[in-house]
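Enquirer: show me the folded form of this:
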Amino acid sequence: MSNRFTQYILAAMVLGIIVGSAIYNFLPDTRADWASSINLIAMMFLRLIKMIIAPLVFATLVGGIAHMGSGAKLGRIFAKTMGWFISASFVSLLLGLVMVNLLQPGANFPGTLPDKAQSTGLPVSAFSIEKFLTHLIPTSIADAMAQNEILQIVIFAVFFSVAMGAMPERSKPILGLIDDLGHIMLKVTSYVMLFAPLAVWAAITATVAKNGLLVLWKLIVFMGGFYLSLLILWGILVIVGFVVIGPRYSHLLKLIREPLMIAFSTASSEAAYPKTLEGLNRFGASSRISSFVLPLGYSFNLDGTMMYCTFASIFIAQTYHIDMPLGTQLAMLATLMITSKGVAGVPRASLVVIASTLAQFNIPEAGLLMIMGIDTFLDMGRSATNVIGNTLATSVVAKWEGELGPEHALGPGDVVPPDMVPGEVPAMAGH
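Expert: Below you'll find the model as predicted:
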C-alpha cells in the first residue's frame, strides 16, 4: 500500500500541473477564482494536520521521555541533538553564502528593481531575539496547543515528563492514559493522511493556476542557482548519512519518499510531520528518540530554510550593487544563525527573518518583492530539504544512543511494530 500511496501522490502532482496550466491558459479571467476555490481543499488538509499536530507531539514526546529513564540520559540526548542542529545550521548557512557568491545570480539582474523605499508589508518589527527567547516559554499550555506552537509544547512536555519521572508511582495511571492517547492520535493521523493525494493535487493546481509556469522564467537564474544549491545540500546530507549510519541509510531515503513529496507539493514541512515520524520509526529509530528530536528540529534544524536566508539576502544585495565584504557576510551569517531559530513561529517565516536581516545590514527590504511572487515554488524545495535534514538528525542521534534497531515491516492495519517495547508510544500505522 505504501508504494501505491507514493504513486497516488506522484500522479496527483502531475495532474495538478496539467489542470493548473489548463486553468491558467484557458480561463484567464476566472483563474484567480478557480485557484482560490481549489486551494480550499489544500487548506482543509493543512488544517486537519494542524488539528492533530499538538496532541500527537505532546503524547509521543511525553511518552518517549517518560520511558527514557534517567534525567541524565535526557540531558545527553539534548546535548547531542543541539550539537548536531548547530553544526547543520552552520553548514547550511555557509553553503548558501558560498553558492550565491560563486553563481552571482543578482549581478546582472535583467528585471526592473523595486524602489528602495517600497514596503513589503512584512511584520519586520515583530521579530527579535528577545521576543523569540521569551516566546520559548508558554504562558498557557492550552494556548500553545491552540496556536500549534511546537517549541512551546516541547518545553512544557519536557517539564511534565521530568515531573512524572520524579513521581513514578503516582504517574503510572497518567502514563497509561498518555500512551493510549498516543495510539489513538496515530490512528487518527492514519485517517487524515488518506486525504494527502487530494490535497497535493489541490495545492499544485492552485499554485500553477494562479501563477502559471512562465512566472518561473522571470527569475530562472535565481531559482536555478537556489535549487542547484539545494541539490548540493542534499548530497552533503546523504553522504553524511551513509558515513554515520552506513549502507542502510538508503532504506531511510526510501521510507521518507512520501513525506518528501507531501512537503514539496504543499510547501509545508508541518504537513509531512506525521509521515516523517512514521518513516523514522519504521526505519528502526526508537520512538523515544524520534518523538524528542523531530519536534525540536522543526524550530532548530530547518536546513533548507536557513540556506535560503543567506542565498536570498546576498542575492538582493547583488541586485542593488551593494558591496558586501567577506567580514560583513560572515557577520550576516552569524546573525542568521541566531535569528533563524525563531523561524517556525513566525508567519511567512523565512521572508520575515530575511527582511529583518536586510534592515540590519542596510539592504533595501523592497528587494524581497522580486522573489515574493515565486516564494511558493522556492518553499517547496526548502520544505523537502527540511524533511531530509530532520530525518537525518533523528536517525544519527538514535545511532549514537544505540537506539537504532532493525526496520519494522508494518502490515496492513498494523499499529504497533512487533518488537516495540511494551508501553512505548508506537510507530504510525501503515495505510
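Enquirer: every contact and neighbour count from this point should use C-alpha atoms.
Expert: Noted.
Enquirer: hey, which helix or strand in the protein has the poorest pLDDT?
Expert: With mean pLDDT, DSSP states H and E as the measure, the helix or strand of the chain carrying the lowest mean pLDDT is helix 129-135 (a mean of 71).
Enquirer: now the lengthiest helix in the chain: buried residues?
Expert: For the chain, the helix with the greatest residue count under DSSP state H is helix 31-66. For helix 31-66, the buried set under the neighbour-count rule, 16 or more other C-alpha atoms under 10 Å, comprises 31-32, 34-35, 38-39, 41-42, 45-46, 48-66.
Enquirer: do stretch 167-178 as well
Expert: For stretch 167-178, the buried set under the neighbour-count rule, 16+ other C-alpha under 10 Å, comprises 171, 175, 178.
Enquirer: measure how far that stretch is from the centre of its chain, please.
Expert: In this view, stretch 167-178 has its centroid 32 Å away from the chain centroid, taken as C-alpha atoms, centre = their mean, to the nearest Å.
Enquirer: contacting residues around that stretch?
Expert: Outside of stretch 167-178, the residues that reach it under the criterion C-alpha atoms under 8 Å, 6 or more residues apart in numbering are 59, 62-63, 66, 164-165, 423.
Enquirer: CSV for the residues you listed, including pLDDT and distance to P105?
Expert: CSV is the format used below for the contacts of stretch 167-178 (pLDDT from 0 to 100; distance: C-alpha to C-alpha, whole Å):
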residue, pLDDT, distance to P105
A59, 88, 46
V62, 87, 46
G63, 81, 48
A66, 76, 50
M164, 85, 54
G165, 80, 54
G423, 37, 54
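Enquirer: and the next element down the chain from the least confident helix or strand of the chain?
Expert: Using DSSP states H and E, the helix or strand that follows helix 129-135 towards the C-terminus is helix 141-146.
Enquirer: now the angle between helix 31-66 and the helix or strand just after that following helix, please.
Expert: Tracing the chain past helix 141-146, the next element assigned as helix or strand by DSSP H and E is helix 150-166. Angular relation of helix 150-166 and helix 31-66 on a 0 to 180 degree scale: 20 degrees, by axes from the mean of the first three to the mean of the last three C-alpha atoms, to 10 degrees.
Enquirer: for helix 150-166, what is the distance to the chain centroid?
Expert: Offset of helix 150-166 from its chain centre (C-alpha atoms, centre = their mean): 22 Å.
Enquirer: next: stretch 276-288.
Expert: Averaged C-alpha coordinates place stretch 276-288 at 17 Å from its chain's average position (C-alpha atoms, centre = their mean).
Enquirer: alpha carbons only: can I get it in PDB?
Expert: Included here for stretch 276-288 are C-alpha records, laid out as PDB according to Å, rounded to 0.1, in the frame of the first residue of the first chain:
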ATOM      1  CA  THR A 276       8.100  11.600   8.800                       C
ATOM      2  CA  LEU A 277       7.600  10.200  12.200                       C
ATOM      3  CA  GLU A 278       6.200   7.000  10.700                       C
ATOM      4  CA  GLY A 279       9.200   6.600   8.400                       C
ATOM      5  CA  LEU A 280      11.700   7.100  11.200                       C
ATOM      6  CA  ASN A 281      10.000   4.500  13.500                       C
ATOM      7  CA  ARG A 282       9.700   2.000  10.600                       C
ATOM      8  CA  PHE A 283      13.400   2.600   9.900                       C
ATOM      9  CA  GLY A 284      14.100   1.400  13.500                       C
ATOM     10  CA  ALA A 285      14.700   4.700  15.300                       C
ATOM     11  CA  SER A 286      13.400   4.400  18.800                       C
ATOM     12  CA  SER A 287      10.200   6.400  19.300                       C
ATOM     13  CA  ARG A 288      11.900   7.800  22.500                       C
END
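Enquirer: phi and psi next, for the residue positioned nearest the centre of the chain.
Expert: The centre of the chain sits closest to S269, judged by C-alpha atoms, centre = their mean, with a distance of 3.3 Å. Phi and psi for S269, reported as degrees, to the nearest 10, are phi -70, psi -30.
Enquirer: okay but it is in contact with N390, surely?
Expert: No: in this structure, S269 sits apart from N390 without contact. The criterion is C-alpha atoms under 8 Å, and the distance is 10.1 Å.
Enquirer: now do the same contact list for I204.
Expert: If a contact means C-alpha under 8 Å, 6+ apart, then I204 has 13, 16-17, 20, 265-266 as its contacts.
Enquirer: scan those and report the most crowded one.
Expert: The residue in the contacts of I204 with the most neighbours, by other C-alpha atoms under 10 Å, is S265 (31 neighbours).
Enquirer: element containing that residue, please.
Expert: Counting by DSSP H and E, the element that carries S265 is helix 257-266.
Enquirer: quick one: low-confidence parts of the stretch 1-150 of the chain?
Expert: By pLDDT under 70, the weakly predicted segments of the stretch 1-150 of the chain are 1-2, 69-71, 110-111, 119-129, 132.
Enquirer: hmm, 50 instead?
Expert: In the predicted model of the stretch 1-150 of the chain, residues 126 satisfy pLDDT under 50.
Enquirer: likewise for the stretch 201-350 of the chain?
Expert: 345-347.
Enquirer: just the strands from it, written as ranges.
Expert: Ranges of strands in the stretch 201-350 of the chain, per DSSP state E, counting those that start in this stretch: none exist.
Enquirer: contact partners for the closest residue to T376 other than its chain neighbours?
Expert: Sequence neighbours aside, A267 is the residue nearest to T376 in space, at 6.6 Å (criterion: C-alpha to C-alpha, 6 or more residues apart in numbering). Neighbouring residues of A267 by C-alpha under 8 Å, 6+ apart: 376-377, 379-384.
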